[in-house]
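A.B. asks: Below are the sequence and a predicted model for it; my questions follow.
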There are 4 protein chains.
Amino acid sequence: MIQLDYQDRRPIYEQIVAGYKTLILSGALEAGEQMPSVRNLAMELSTNPNTVQKAYTELERQKYIYTVKGRGNYISEDNSLLKGEQLKELRGRLKSLLDETDELHIDRAELTKGLL
Amino acid sequence: MIQLDYQDRRPIYEQIVAGYKTLILSGALEAGEQMPSVRNLAMELSTNPNTVQKAYTELERQKYIYTVKGRGNYISEDNSLLKGEQLKELRGRLKSLLDETDELHIDRAELTKGLL
Amino acid sequence: MIQLDYQDRRPIYEQIVAGYKTLILSGALEAGEQMPSVRNLAMELSTNPNTVQKAYTELERQKYIYTVKGRGNYISEDNSLLKGEQLKELRGRLKSLLDETDELHIDRAELTKGLL
Amino acid sequence: MIQLDYQDRRPIYEQIVAGYKTLILSGALEAGEQMPSVRNLAMELSTNPNTVQKAYTELERQKYIYTVKGRGNYISEDNSLLKGEQLKELRGRLKSLLDETDELHIDRAELTKGLL
DNA sequence: GTGGTCTAGACCACA
DNA sequence: GTGGTCTAGACCACA
């Protein structure tokens, strides 16, 4: 189950999206498995159904889940593609992180020391 | 001079803060040098003086500049300390980036390939 | 046999209606032939009987099938008429498609290139 | 100004999206021009600001407009790309229309007579 | 004033 | 029961 952090600057619906993306890509949730219903998840997270709905809509737009009307939401099958996208995003963030480092004339070795 | 990007998702005041941080830490602006006045910078960036004021307040809070009432804003002297902070922040971001990579079972070599 | 696509955005009952319309108009099902019972089709498609019933009601409303109480549903005789309706519908869609094309100042030749 | 049609099966927010897409791609609205504010458009269409917000979010996701926080929404510059997308969508619809026609053994000439 | 998020609650189509 | 849309109204960050 995902955890909301009200101290987090990100809006609630984004935290839900990010949480489920990780659960799906890490394999914790299997393809075809049913997502909790909008109302149930809203109850569990003690938030509003509209907020969960917004998160689910975004997850569907990004192909992490798909909706069957009147039935519910299900995990998509084609994870491999999504993992590629995710890798691309991470590489983009690493790239800009390195750019900033260079711009400040900080040695990259200092940046990565003990981490990599 | 810094450049605003209206397509950028970050609010304008944050772009101003980030831009000046880089200018200061990279040495493009020297310690003791005077910042442009709030009104002038607002004119140059064609943005709202409130926005520039907000950016200056944030830069002062983070000790990048200091204010002399009635005279203006000046670049702080103690850059070395700030650079340490900046390094710490960059390392924090790298850390969480690597955490996410691991969580998705992505090989770190794949992440850094061609970048590092 | 028709095939449901749960990734399809259309509701299931509409997919059933569209599927049988095609089967009937293309001649794959002959006039007078009996339709599968509501329960059987629901089982085969592993969907809800209510959904199949809704589809059959719609097919009957459009005169593709007719119901004999206590016996079942049968393909209608007067296909020629239905085919005319279908043609009219297709022409309507083509019309609005061309209208949109014109409105966007897109050349019709570009639209149909390689298709027609 | 766009026109809402309450008989239309499409939800209100989709009608707003479709309406502005046409206005933008047809050149009726110029690049860089400011969109009406969320609240103003909601008043004019006598609908709820949330509904307009939803439409604007979708238009931004599709790059038709971009948002500057605290300022408003503006028409994007790169229309040419969007027009290509739109053409692709229209061609897709024409393709499936022709497929249906063939499947019903209807002569394509009958379909296009007097239209093309 | 501008957009963005969220809640509470209603209503609808669909299965 | 399931998702989807919409309203009314509030609160916040930002310019």
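C.D. replies: It's in.

A.B. asks: Show me what the helix ranked longest in chain A is packed against.
C.D. replies: Counting residues, the longest helix in chain A under DSSP state H turns out to be helix A:79-103. If you count contacts as 3 or more CB pairs under 8 Å, 6 or more residues apart in numbering or on different chains; DSSP states H and E, helix A:79-103 packs onto helix A:12-25, helix A:108-112, helix B:79-103, helix B:108-112. C-betas here are computed from N, CA, C, even on glycine.

A.B. asks: OK, contacts around the residue of chain A most remote from its centre?
C.D. replies: Here chain A reaches farthest from its C-alpha mean at residue A:105, the gap being 32.8 Å by CA atoms, centre = their mean. With contact set as CB atoms under 8 Å, 6 or more residues apart in numbering or on different chains, residue A:105 has these partners: B:26-27.

A.B. asks: repeat for residue A:68
C.D. replies: Counting by CB under 8 Å, 6+ apart, residue A:68 makes contact with A:74, C:6, C:12.

A.B. asks: Skipping its backbone neighbours, what lies nearest residue A:108 in space?
C.D. replies: residue A:101 (6.0 Å; CB to CB, 6 or more residues apart in numbering or on different chains).

A.B. asks: need the contact list for the one you found.
C.D. replies: Counting by CB under 8 Å, 6+ apart, residue A:101 touches A:108, A:111, B:90.

A.B. asks: Hmm, residue A:17 and residue A:55 touching each other?
C.D. replies: Yes: with contact defined as CB atoms under 8 Å, residue A:55 counts as touching residue A:17 (5.0 Å).

A.B. asks: Which one's more surrounded, these two?
C.D. replies: residue A:55 (26 against 22; other CB atoms under 10 Å in any protein chain shown).

A.B. asks: Just confirm the more buried one is within a helix.
C.D. replies: Yes: counting by DSSP: H, G, I helix; E, B strand; the rest coil, residue A:55 is part of a helix.

A.B. asks: Now do the contacts for it.
C.D. replies: Residue A:55 makes contact with A:12-14, A:16-17, A:20, according to CB under 8 Å, 6+ apart.

A.B. asks: Show the buried residues in those residues.
C.D. replies: If you count burial by 16 or more other CB atoms under 10 Å in any protein chain shown, the buried members of the contacts of residue A:55 come out as A:12-13, A:16-17, A:20.

A.B. asks: So residue A:73 is in contact with residue A:34, correct?
C.D. replies: Yes: the pair residue A:73 / residue A:34 is scored as a contact, 7.1 Å apart, by CB under 8 Å.

A.B. asks: Give me every residue in chain A that's in contact range of chain D.
C.D. replies: Within reach of chain D by CB under 8 Å from any CB of the partner chain, chain A has these residues: residue A:61.

A.B. asks: Give me the domain ranges for chain A.
C.D. replies: Following automatic domain parsing, one finds the domains of chain A at A:1-77, A:79-116.

A.B. asks: winner for burial among those?
C.D. replies: domain A:1-77 (a mean of 16; mean count of other CB atoms under 10 Å in any protein chain shown).

A.B. asks: Just confirm yes or no for that domain near DNA strand F.
C.D. replies: Yes: Domain A:1-77 is in contact with DNA strand F by CB under 7 Å from any atom of the strand, via A:35, A:37-40, A:49-50, A:53, A:56-57, A:60, A:67, A:69-73.

A.B. asks: Grab the most central residue of chain A for me.
C.D. replies: Centre-most residue of chain A, counting by CA atoms, centre = their mean: residue A:18, 2.3 Å.

A.B. asks: Quickly note the distance from the residue nearest to that one when sequence neighbours are not counted to residue B:85.
C.D. replies: Closest residue in space to residue A:18, ignoring its immediate chain neighbours: residue A:10 at 7.5 Å, by CB to CB, 6+ apart. Relative to residue B:85, residue A:10 is positioned 23 Å away (CB to CB, to the nearest Å).

A.B. asks: picking up where we left off before, cross-check the contacts of residue A:68 against DNA strand E and keep the overlap.
C.D. replies: Near DNA strand E, judged by CB under 7 Å from any atom of the strand, the entries from these are residue C:12.

A.B. asks: What lies in contact with the helix or strand residue A:74 falls within?
C.D. replies: Element membership for residue A:74, per DSSP states H and E: strand A:72-75. If you take CB under 8 Å, 6+ apart as the criterion, strand A:72-75 is touched by A:24, A:29-35, A:37-38, A:56, A:59-60, A:64-68, C:6.

A.B. asks: for stretch A:1-10, same thing?
C.D. replies: Against stretch A:1-10 from outside (CB under 8 Å, 6+ apart): A:12, A:15-16, A:18-20, A:23, A:44-45, A:47.

A.B. asks: Among those, which one sits closest to residue D:81?
C.D. replies: Nearest to residue D:81, judged by CB to CB, of the contacts of stretch A:1-10 is residue A:18 at 28.6 Å.

A.B. asks: coming back round to it: can you redo the helices and strands packed on helix A:79-103 as CSV with distance to residue A:79?
C.D. replies: Converted to CSV, these look like this (distance: least, CB to CB, whole Å):
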stretch, distance to residue A:79
helix A:12-25, 7
helix A:108-112, 30
helix B:79-103, 14
helix B:108-112, 16
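
A.B. asks: would you list the ones you listed in TSV and tack on distance to residue A:80 and mean pLDDT?
C.D. replies: Output for the helices and strands packed on helix A:79-103, formatted as TSV (distance: least, CB to CB, whole Å; pLDDT from 0 to 100):
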stretch	distance to residue A:80	mean pLDDT
helix A:12-25	10	97
helix A:108-112	29	96
helix B:79-103	17	93
helix B:108-112	14	96
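
A.B. asks: in chain A, what residue is nearest chain D?
C.D. replies: residue A:61 (7.8 Å; CB to the nearest CB).

A.B. asks: Quick check: chain neighbours aside, which residue is closest to that residue?
C.D. replies: Here the residue nearest residue A:61, using CB to CB, 6+ apart, is residue D:61, at 7.8 Å.
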